[in-house]
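J.: Quick check, what structure comes out for this input:
(one chain, ligands or ions: 1)
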Amino acid sequence: MKELEIPKSHPRYRSLIIREKVVDGFRRGIVVPEGLIAHGRGEAFDYILGEKSWDFAIEAEKATVAWLLTASKPVISVNGNYAALAAREIGELARLTGAIVEVNLFYRTEDRVARIVDFLKQNGVDSVLDADCEKERISGLESPRGIVCRDGIWSADFVLLAMEDGDRTEAIKRMGKIVSAIDLNPFSRTAQTADITIVDEALRATNNMIKMAKTLGKMSKEELENIKKNYDNVEALKASFRVIFSRLNEASRKGLI
Ligand code: ATP
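T.: Numbers count the residues shown, from 1 in each chain. Predicted coordinates:
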């Protein structure tokens with residue numbers, strides 16, 4: 001990884017380090033070329049949003065952690081980009097919440113699943129549902145996009161996914177799952193379809209959820225149920241659009257920001 005070549009004083013150091021993680025994932029055969037393009041789209045939204053976790057994201061992350069802690073079978077669905085960005089953090093979040101980690105890919109090949117599983121394990125994710133799991137197919141998605149593990153997404157009641165394609169999010173919703181989606185683009189079909197939309201950068205969001213899991217893990221079931229009940233995803237989406245609008249509006253008035 002070329003981490004050391006980026007000077008810490010660079011004003012966008014963190015964003016560049018994150019970009020390098022995705023490029024490193026591409027070189028390892030974890031991220032597909034389309035994943036690089038998807039990352040660029042996310043960067044554009046993050047730039048407009050000011051590269052920070054806004055209140056609407058914090059609320060969505062909190063509701064997600066409450067679901068992870070209370071669901072009967074919570075699953076974290078991991079694709080190439082999410083693994084490249086946050087392998088270690090996914091493992092920690094899974095350990096703190098008891099969630100199952102499943103590698104689930106839009107551009108699925110068994111070789112890429114195996115590479116991602118290896119990468120997750122190298123980064124301390126103890127238990128991952130892998131290419132050898134007992135398979136099922138999500139209806140409405142042509143193979144191999146629809147393959148999932150029977151003991152994972154297939155039988156889950158709650159699924160956390162990140163940077164996911166809209167068709168697949170819709171199909172998982174049709175299976176009756178509660179879905180939380182990390183997606184910086186609030187216009188995307190995934191963002192619009194999910195029950196909980198986390199409009200935040202995936203690594204930042206996962207780190208926030210790790211901190212929250214440490215606190216929320218000590219709460220009673222009733223308190224966690226209240227967090228879930230009081231969360232309003234339409235309000236969160238509206239708030240994300242308002243921030244985008246006001247930042248663009250302010251920039252358009254001043255010319256310089
Ligand atoms: P959809 O099919 O949901 O309408 P799409 O065609 O943009 O959207 P993809 O390219 O499959 O879907 O999904 C990638 C999504 O992930 C994009 O919306 C992009 O903004 C978002 N994204 C990319 N990188 C990150 C990141 N690091 N953190 C959070 N979101 C990201």
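J.: contacting residues around the closest residue to the ligand within the stretch 151-257 of the chain?
T.: Relative to the ligand, the nearest point of the stretch 151-257 of the chain is G166 (2.9 Å; CB to the nearest ligand atom). Every C-beta, even on glycine, is put in place using the N, C-alpha and C of the backbone. Neighbouring residues of G166 by CB atoms under 8 Å, 6 or more residues apart in numbering: 188-190, 193.
J.: So which of those reach the ligand?
T.: With CB under 6 Å from any ligand atom as the criterion, those include 188-190 near the ligand.
J.: Including distance to L96, neighbour count and pLDDT, could the residues you listed go into a markdown table?
T.: Formatted as a markdown table, those follow (distance: CB to CB, whole Å; neighbours: other CB atoms under 10 Å; pLDDT from 0 to 100):
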| residue | distance to L96 | neighbour count | pLDDT |
| --- | --- | --- | --- |
| S188 | 28 | 22 | 98 |
| R189 | 30 | 17 | 98 |
| T190 | 25 | 25 | 98 |
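J.: Specify which member of those residues is nearest to A63.
T.: Nearest to A63 among those: T190, at 16.6 Å, using CB to CB.
J.: The closest residue to V199 other than its chain neighbours: which element?
T.: Distances taken as CB to CB, 6 or more residues apart in numbering place S240 nearest to V199, at 4.2 Å, with adjacent residues excluded. Using DSSP states H and E, S240 falls within helix 233-254.
J.: and that helix, which residues are buried?
T.: Neighbour-count burial for helix 233-254 flags 233, 236-237, 239-240, 243-244 (criterion: 16 or more other CB atoms under 10 Å).
J.: And the ligand, is it touching that?
T.: No: counting by CB under 6 Å from any ligand atom, the ligand has no neighbours in helix 233-254; the shortest distance is 12.0 Å.
J.: same check, this time on stretch 92-109
T.: No: Stretch 92-109 lies out of reach of the ligand by CB under 6 Å from any ligand atom, never closer than 6.6 Å.
J.: Determine how far the last residue of that stretch lies from the first.
T.: 26 Å (CA to CA, to the nearest Å).
J.: before we move on, what about stretch 89-109?
T.: 24 Å.
J.: N208 and I58 touch, don't they?
T.: Yes: counting by CB atoms under 8 Å, N208 does reach I58; the two are 6.7 Å apart.
J.: of those two, who's got more company?
T.: Neighbour count, other CB atoms under 10 Å: between N208 and I58, N208 has more, with 22 against 17.
J.: With adjacent residues omitted, what lies nearest to the more buried one?
T.: In space, N208 is closest to E61, 4.9 Å off (CB to CB, 6+ apart).
J.: what's near enough to touch the residue of the chain found nearest the ligand?
T.: Using CB to the nearest ligand atom, the closest approach of the chain to the ligand is made by G42 at 2.4 Å. Counting by CB under 8 Å, 6+ apart, G42 touches 163, 183-185, 201-202.
J.: re the thing from before, near the residue nearest to N208, how many other residues are there?
T.: Using other CB under 10 Å: E61 sits among 26 other residues.
J.: swap in A114?
T.: 15.
J.: How about R145?
T.: 18.
J.: Kindly report the same for the one 5 residues further on.
T.: Using other CB under 10 Å, R150 is surrounded by 12 other residues.
J.: Helices of the chain, residue ranges please.
T.: Assigned by DSSP state H, the chain shows helices spanning 13-27, 33-49, 55-70, 80-97, 110-122, 166-174, 189-193, 202-216, 221-230, 233-254.
J.: Name the residues of the chain found near the ligand, please.
T.: With CB under 6 Å from any ligand atom as the criterion, the chain meets the ligand at residues 38-39, 41-42, 45, 85, 163, 165-166, 182-185, 188-190, 201-202.
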